[in-house]
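K.L.:
Here's my sequence, what's the structure:
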Amino acid sequence: MGEFSFINLYKLTNIGISMLTKKNRFVAAGKKILHSKIFHYDVLILGGGPAGLTAAIYSSRFGMKTGLISRDIGGSANLAHKIENYPGFVGSGAELMQKFHQQAKKFGAEFLADDVANLQKDENGFVVYTANKKIIHTRTIILALGTQRRKLNVEGEDKFLGKGVSYCAVCDAVFFKGKDGAVIGGSDAAGLDALILAGIANKVYVIHRGEKLRCEEITNKNLCRKKNVEFILNAVPVEIKGKEIVSGLLIEKNGKKTEIKVSGVFIEIGRLPLSDIAKMLNVKLDEEYIPVDEEMRTNVKGVFASGDVVKSKLKQVVVAAAQGAQAARSAYDFVKEKWRNNHNPTIASAKGNLSFVVFVCFPVNISSNMNACALSKSSTGKISNSPL
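P.N.:
Numbers count the residues shown, from 1 in each chain. Next comes the predicted model:
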């Protein structure tokens, strides 16, 4: 990986680190950087869901030095009890994500189980400081941060996840053919989920806390035409009931609690985009989602985005994977264009009486051989290149 620990450092001017702050437990230039490691990549992917893993596969195959930061592998796709709409695969989301992970590792992607503490842009790319006190320099960044489902936070929600509780009707409605189910929410996404379920299930209850649904008029009309759809408005869920699997939903309306018998509870009350990291780079947001062009480029040069954190209607593994592939291609094109005439390593300037100086050494061509080098003083007092 090209890593350094307990190093004497004067200045890493060309990667934008002339002074590392005490806030991040790094000290001024010319002193030791405690517990730190420096990594160098052509592309750094933030997020380990289907978009991030696909980006890692593609960027590695393009010959780029690829790193991926994520505490877990699979993201929200791991919550899918069974996936039947990803071409060529039937199984759990966790199983599919493990295949993505193994394939990315096969092609040389490096995985760091860490969190981003700080992120800065410099003239040669970006500098990332991690929670585990690593310093990473990368030429490009792909934001595959994902989203977090809004939860009801009621009893039984976590217990029956994958056992009748779902956050994705597109993924799981097929498992409730001929059964009764409930959709909780009043947005257009909730309305569309109810339509999907109504075409499969025996009976669908649409439960919303407001006086009317907030979905588009055409969605509302289509729901009203469905004879197997019943609206329960001004009501809130209280508890999801069952033994091994879901058997009922307790709701409260006008102060009165009632249990309705259902086998499935589909929760669609919104998502929370995990886009805080994007704000560190002044990436433009739209309702906390990241808007991108058709090549997955953000408003910041060298920063690309893909997956559920991107502003798009359909949130599916296959869509996230496609976006990850495109983001990797765009990152490759960006690196190839910007550094195609760069034949010189990035060298930190040396001053003072130091025994050695660390500098960053990028190869002429994009490759997986981005090895770190150092200048070492020979016995004759001359400076020579030597690999670390």
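K.L.:
Can you pull out the low-pLDDT segments for the stretch 251-388 of the chain?
P.N.:
Applying pLDDT under 70 to the stretch 251-388 of the chain picks out residues 341-388.
K.L.:
and Val292, what does it touch?
P.N.:
By CB atoms under 8 Å, 6 or more residues apart in numbering, Val292 lies in contact with 298, 304-306, 310-311. Placement of C-beta: from N, CA and C, glycine included.
K.L.:
mind redoing it with 7 Å?
P.N.:
By CB atoms under 7 Å, 6 or more residues apart in numbering, the residues touching Val292 are 298, 305, 310.
K.L.:
One more: Leu195?
P.N.:
With CB under 7 Å, 6+ apart, Leu195 has these contacts: 219, 222-223.
K.L.:
are any of those buried, and which?
P.N.:
219, 222-223 (16 or more other CB atoms under 10 Å).
K.L.:
where do the helices sit along this structure?
P.N.:
Assigned by DSSP state H, the helices in the chain fall at 50-61, 93-106, 169-172, 188-198, 217-225, 276-279, 317-338.
K.L.:
other SSEs contacting the third one?
P.N.:
Identification of packing neighbours for helix 169-172 by 3 or more CB pairs under 7 Å, 6 or more residues apart in numbering; DSSP states H and E yields helix 188-198.
K.L.:
Next, the angle helix 217-225 makes with the helix it packs on.
P.N.:
Taking axes from the mean of the first three to the mean of the last three CA atoms, to 10 degrees, one finds helix 188-198 and helix 217-225 inclined to each other by 30 degrees.
K.L.:
Dump helix 188-198 to CSV, keeping only the CA atoms.
P.N.:
Presented in CSV, the C-alpha positions along helix 188-198 are these (Å, rounded to 0.1, in the frame of the first residue of the first chain):
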residue,chain,number,x,y,z
ASP,A,188,-45.3,9.0,-3.8
ALA,A,189,-42.8,6.3,-3.0
ALA,A,190,-45.3,4.8,-0.5
GLY,A,191,-48.1,5.0,-3.1
LEU,A,192,-46.0,3.2,-5.7
ASP,A,193,-45.1,0.5,-3.2
ALA,A,194,-48.8,0.1,-2.5
LEU,A,195,-49.6,-0.3,-6.2
ILE,A,196,-46.9,-2.9,-6.6
LEU,A,197,-48.1,-4.8,-3.6
ALA,A,198,-51.8,-4.5,-4.7
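K.L.:
Could I get the phi/psi values of the residue positioned nearest the centre of the chain?
P.N.:
Centroid check for the chain by CA atoms, centre = their mean gives Leu145 as the closest residue, at 2.5 Å. Backbone torsions of Leu145, given as degrees, to the nearest 10, read phi -80, psi -20.
K.L.:
which residues sit in contact with it?
P.N.:
Leu145 sits next to 46-47, 274-275, 277, 309 when contact means CB under 7 Å, 6+ apart.
K.L.:
mind redoing it with 8 Å?
P.N.:
46-47, 273-275, 277-278, 305, 307, 309.
K.L.:
Which of those residues has the largest number of neighbours?
P.N.:
Neighbour counts for those (other CB atoms under 10 Å) peak at Gly307, which has 34 neighbours.
K.L.:
Distance of it relative to Thr258?
P.N.:
As judged by CB to CB, to the nearest Å, Gly307 and Thr258 stand 39 Å apart.
K.L.:
Report how many residues lie close to Gly178.
P.N.:
9.
K.L.:
quick one: pLDDT of it?
P.N.:
The model reports Gly178 with a pLDDT of 95.
K.L.:
Could you find the closest non-adjacent residue to Leu223?
P.N.:
Once flanking residues are discounted, Leu223 sits nearest to Val229: 5.4 Å by CB to CB, 6 or more residues apart in numbering.
K.L.:
got it, and Asn299?
P.N.:
Closest residue in space to Asn299, ignoring its immediate chain neighbours: Lys284 at 4.4 Å, by CB to CB, 6+ apart.
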